[in-house]
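Student: Give me a model of this one.
(chains A and B)
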Amino acid sequence: MDSTRIRVLCIDDEARILRALKALLRDYDVFSTTEPESAAQVAATHDVDVVICDQRMPQMIGVEALRLIRERHPRAMRILLTGYSDLNAVLGSVNEGEVFRFVNKPWDNQELRAIVAQAGQLARETPAISNAAISERDKQEIRKHAGVLVIEDDPETQTRLREILGPHYQLRFAATTDRALQVLEQHETGVVISETDSGQGDLTGLIKTLKQYHPHIASVVLTDRANAQLAIDLINEGQVFRMLLKPVRMGSCRLSVEAALGRYWQLKNNPKAAGRFAVVARATPSVPPSLLQRIKALPQRLFTFGRIG
Amino acid sequence: MSVTALIFFLLALGAGAAAFWFFRQSQLLKLRIIAMEEAGKRQAGSQAQIMHTTKLASLGQMIAGVAHELNTPLGFVKSNVDVCRELLAEYDQQLISKAHGHLAQASRLNLEDPNVKQKLPAALKALAARLAANTTLSEVNELLSDSREGLEQLAKLVRNLKGFARLDQDGMDLFDPIEAIESALVIAQHELRDRISVVKDLVAMPKVKAVPSQINQVFLNLITNAAQAMGERGTLTLRSRRQGDFAVLEVEDNGAGISPEVLPKIFDPFFTTKPVGEGTGLGLSIVHKIIHSHGGSINVRSNPGQGTTFAISLPIDHASLRGQGRGDLRSDEEPA
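Tutor: Coordinates of the predicted model:
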């Protein structure tokens, strides 16, 4: 085994898919298994760089297998490859699997090769993000420095979020893109909570572009739209950190924002790791030029305070 | 005497009361039977409707399920065909460079050498044969490229089926109603084929809040009904326009039309003009129900012998309306 070659682990209950992937990715060292239960073990043993996993398998769903791999071997970049794109699978792949890409079967060979090449390079060149818990002291420090911005024009949801998050975080609200940019310009913001649509129209362009230029800011998307494709695009083009369905629930909302702020803190202290959240950039920007300029010009607030202890 | 009279009177009163009681009871019974019959009819109607909707839903689920299942074999077959073409191209390159090598070698040989003289013709022959085999390669390539196109066609069909069944989106979503028309047209293709020409007079519409699979079903029903009303030849016209807060979508045929007596009944459950066993008489009643559950309305105009137009109005989503009307500046809300 040539240790300089990228190592890829493929997991699918269909052996013919595994054989096809092995032939497609013949420039890499490919390991494969039809047993998702043992995948985390295999990933760790061979120190793989990239994992490609199917969603529907009889023993275990892919999202669950990817979550186990994320815990056991966080260095590997995770890709979900599935013929079933139901909403639960998509939400799970964000919230549980934290996948790098969501790819539909049948896949495009060139595209999949390019994704694996990029993922492999990122796994080698960027530091992994630790699974270790953040101390209470650090958590207090984060809340003091970094705020949470809510982009949402529905008064009911605003009230609900104010109730849930207001007592714990520096919470700021924006009903318009313009106001959201003002907040981002003036205040250090670790987490952006956003709807997918507002009265102004689509907000996903803003979420995606913000991630493209400021990958350390974690985004939590709220939506009442049961649209799997919208969610897939937000993964691949927006690398959203969490995706929550409305109505907003207290528990999952608190946990998501807490974890998102933690992620911001980790990336702020380890800016190179933000490279792992590279997005698929569209050929034409998804926001108007003036907005693109403002997003690009937002201050980079990395290293403004050092890790304590 | 008076005692006898009293007894008679009491007997008569008793008989009268009994007769009245019997009469009341039978009346009540009759009323109850009528009520039960009606309830039974209603229930049968709603039960059949539920069954039909469930059937449609499970059909949609089955389509989506089959489409999803097809994605796995499509995935590896499509990938393998591409990889085989790549491998063939590599092999081809190797073969050609090898042939070049051989020829270059041959050109440097001393032809006066008896050994060379003896062996060269056979070697050249063998090389020619191998190069001839190269045409086999190009043939294989051609076949693979056809297969690749076929697979792309299959993948597209699966995408269309999935798009129509929309199992990925079985809840409310912001939805472009024109998409529903386009998607229903693809599925109704076999009904239309060469016999019916389709005229699209469709302008872009703001989005509506809807369950996409249901709206798709509505247009599929209307389009297939129209196709069946037109017999041998006909023109199906699809129109869209904005009317205040509503998106209006029309499906028009130039078929047989509906007579004025029948017209008021077409949305009733079980009403059908099709031969027994062909129509359930539920298609239009379900269309009606779906449109009403979306806060919309459906109207029909028909001239016997000239054709029928169904017009569906769906409320436009207010968020997308506001977005169109106003610019980027709206009042902000600050946290309390």
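Student: Count the residues that sit near A:Gln300.
Tutor: By the criterion of other Cβ atoms under 10 Å in any protein chain shown, A:Gln300 has 11 neighbours. (C-beta placed from N, C-alpha, C; glycine too.)
Student: what pLDDT does B:Ala226 get?
Tutor: B:Ala226 is assigned 90 on the pLDDT scale.
Student: so which helix or strand takes in it?
Tutor: Here B:Ala226, judged by DSSP states H and E, is contained in helix B:212-229.
Student: Quick check: buried residues in that helix?
Tutor: For helix B:212-229, the buried set under the neighbour-count rule, 16 or more other Cβ atoms under 10 Å in any protein chain shown, comprises B:212-227, B:229.
Student: out of all of them, which helix in chain A is the longest?
Tutor: Secondary structure of chain A read by DSSP state H shows that its longest helix is helix A:250-269.
Student: Can you name every helix or strand that the helix or strand A:Asn88 falls within contacts?
Tutor: Following DSSP H and E, the helix or strand that holds A:Asn88 is helix A:87-95. When contacts are defined as 3 or more Cβ pairs under 8 Å, 6 or more residues apart in numbering or on different chains; DSSP states H and E, helix A:87-95 packs onto helix A:62-72, strand A:77-82, helix A:228-236, strand A:242-245.
Student: Figure out which of those is closest to chain B.
Tutor: Comparing those against chain B with Cβ to the nearest Cβ, the closest turns out to be helix A:228-236 (3.8 Å).
Student: what angle do that closest one and helix A:87-95 make?
Tutor: Using axes from the mean of the first three to the mean of the last three Cα atoms, to 10 degrees, one finds that helix A:228-236 and helix A:87-95 are set 10 degrees apart in direction.
Student: which other residues reach helix A:228-236?
Tutor: Residues from elsewhere that reach helix A:228-236, judged by Cβ atoms under 8 Å, 6 or more residues apart in numbering or on different chains: A:85-87, A:89-91, A:93-94, A:99, A:101-102, A:104, A:196, A:204, A:207-208, A:221, A:223, A:240, A:243, A:279-280, B:168-169.
Student: Please pick the buried ones from those.
Tutor: If we count by 16+ other Cβ under 10 Å, those have these buried: A:85-87, A:89-91, A:93-94, A:99, A:101-102, A:104, A:196, A:204, A:207-208, A:221, A:223, A:240, A:243, A:279-280, B:168-169.
Student: all helices for the stretch 101-250 of chain A, in order.
Tutor: A:109-125, A:136-145, A:155-165, A:177-186, A:204-213, A:228-236, A:250-269 (DSSP state H, counting those that start in this stretch).
Student: Any idea how many residues pack against the residue of the stretch 151-300 of chain A at minimum distance from chain B?
Tutor: At 2.9 Å from chain B, A:Ala226 is the closest residue in the stretch 151-300 of chain A, using Cβ to the nearest Cβ. Using other Cβ under 10 Å, A:Ala226 has 19 neighbouring residues.
Student: how does chain B divide into domains?
Tutor: Chain B breaks down into these structural domains: B:17-169, B:171-322 (assignment by automatic domain parsing).
Student: Out of those, which gets nearest to A:Val183?
Tutor: Using Cβ to Cβ as the criterion, the shortest distance between A:Val183 and the domains of chain B is 21.6 Å, found for domain B:171-322.
Student: what's near enough to touch whatever residue of the stretch 1-150 of chain A ends up closest to chain B?
Tutor: Scanning the stretch 1-150 of chain A for proximity to chain B using Cβ to the nearest Cβ identifies A:Gly83 as nearest, at 2.9 Å. Taking Cβ under 8 Å, 6+ apart as the definition of contact, the neighbours of A:Gly83 are A:Arg56, A:Asn104, A:Lys105, A:Pro106, B:His68, B:Glu69, B:Leu70, B:Asn71, B:Thr72, B:Gly75.
Student: The same query, at a cut-off of 6 Å, please.
Tutor: The contact partners of A:Gly83, by Cβ atoms under 6 Å, 6 or more residues apart in numbering or on different chains, come to A:Lys105, B:His68, B:Asn71, B:Thr72.
Student: so where is the chain shaky, pLDDT-wise?
Tutor: Just so you know, I chose chain A. Filtered on pLDDT under 70, chain A yields the residue ranges A:1-2, A:302-309.
Student: Chain B was what I was after
Tutor: B:1-3, B:41-61, B:134, B:163, B:165-170, B:274-282, B:319-336.
Student: Which residue, other than its chain neighbours, is closest to the residue of the stretch 1-150 of chain A closest to chain B?
Tutor: B:Asn71 (2.9 Å; Cβ to Cβ, 6 or more residues apart in numbering or on different chains).
Student: Now do that neighbour against A:Lys139, distance only.
Tutor: To A:Lys139, B:Asn71 is 43 Å away according to Cβ to Cβ, to the nearest Å.
Student: hang on, the earlier thing: which stretch among the domains of chain B is buried most, on average?
Tutor: Between the domains of chain B, domain B:171-322 has the highest mean count of neighbours, a mean of 18, where neighbours are mean count of other Cβ atoms under 10 Å in any protein chain shown.
Student: Tell me the secondary structure of the residue in the stretch 101-250 of chain B that chain A sits nearest to, please.
Tutor: When scored by Cβ to the nearest Cβ, the stretch 101-250 of chain B has B:Gly171 as its residue closest to chain A, at 2.9 Å. Classification of B:Gly171 into helix, strand or coil gives coil, according to DSSP: H, G, I helix; E, B strand; the rest coil.
Student: go on, the one 3 residues further on?
Tutor: Three states are possible here, and by three-state DSSP the one that applies to B:Leu174 is strand.
Student: which residues sit in contact with the nearest residue to it once chain neighbours are set aside?
Tutor: The spatial neighbour of B:Leu174 that comes closest, neighbours along the chain excluded (Cβ to Cβ, 6+ apart), is B:Lys207 at 4.3 Å. With contact taken as Cβ under 6 Å, 6+ apart, B:Lys207 is in contact with B:Leu174, B:Phe175, B:Asp176, B:Asp317, B:Ser320.
Student: Make TSV out of those and add distance to B:Ala12.
Tutor: Converted to TSV, these look like this (distance: Cβ to Cβ, whole Å):
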residue	distance to B:Ala12
B:Leu174	79
B:Phe175	76
B:Asp176	81
B:Asp317	76
B:Ser320	80
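Student: how about the strands in the stretch 151-300 of chain B?
Tutor: When secondary structure is read from DSSP state E, counting those that start in this stretch, the stretch 151-300 of chain B shows strands at B:173-175, B:196-201, B:208-210, B:234-243, B:246-253, B:297-303.
Student: so how far is A:Val287 from A:Gln200?
Tutor: 12 Å.
Student: Give me the more crowded residue out of these two.
Tutor: Just comparing A:Gln200 and A:Val287: by other Cβ under 10 Å the higher neighbour count belongs to A:Gln200, 23 against 20.
Student: which other residues reach stretch A:25-40?
Tutor: By Cβ under 6 Å, 6+ apart, the list of residues contacting stretch A:25-40 from outside reads A:1, A:5-11, A:13, A:18, A:22, A:42, A:46, A:57, A:59-60, A:65, A:68-69, A:72.
Student: what about the residue nearest to A:Gly83, which helix or strand?
Tutor: In this assignment (DSSP H and E), B:Asn71 forms part of helix B:2-107.
Student: Bridging across strands, which residues link to B:Glu250?
Tutor: Listed beta-bridge partners, B:Glu250: B:Arg239, B:Ala311 (assigned using DSSP bridges).
Student: Surely it and B:Thr237 touch.
Tutor: No - the pair B:Glu250 / B:Thr237 is not scored as a contact, 7.5 Å apart, by Cβ atoms under 6 Å.
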